[in-house]
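**Q** Everything below, folded, please.
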Amino acid sequence: MEKIIRTTHQLDATNRPLGRLASQIAVLLMGKNKATYRSHLDEGDTVEIINAAKIKFTGKKLEQKEYIWHTNHPGGLKRKKVKEVFAADPGKVLTIAVMGMLPKNKLRDQMIKRLKINKI
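**A** Prediction:
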């Protein structure tokens, strides 16, 4: 069995659009940038994000976009604007965007653990 070599990538989020940054992070976490990529194995790298609070939102996403979830209780539909979530924790918005771009299987939890976000 081959040894997986993981490198650390440090990305600066200053003035980078949220979606473009998230897609770049997802590629690095999955390991799609490597010649040895295999979809059934977790061979991705570690990604560190600096200046997450300086992410750029294009259009009116900050005011109009909402995160919607249900608590599975009657009347449990919850909504929260991106602006509120970003004000409380800028890294959470980026994490949600990256989670949506990773494969929806057992490997996703392992991949997202290698994403380190510095809010400053």
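**Q** rest of the way, CA atoms for contacts and neighbours
**A** OK.
**Q** Tell me which helix or strand in this protein has the weakest average pLDDT.
**A** Ranked by mean pLDDT, DSSP states H and E, the weakest helix or strand in the chain is helix 61-64, scoring a mean of 94.
**Q** does Arg6 really touch Thr46, like I thought?
**A** Yes. Here Arg6 reaches Thr46: they are 6.7 Å apart, a contact under CA atoms under 8 Å.
**Q** Give me the more crowded residue out of those two.
**A** A count of neighbours by other CA atoms under 10 Å puts Thr46 above the other of Arg6 and Thr46, at 20 against 12.
**Q** now the residue of the chain positioned farthest from its centre, what's its secondary structure?
**A** Going by CA atoms, centre = their mean, the residue of the chain most distant from its centre is Pro74, 30.3 Å out. Look at Pro74: counting by DSSP: H, G, I helix; E, B strand; the rest coil, its state is coil.
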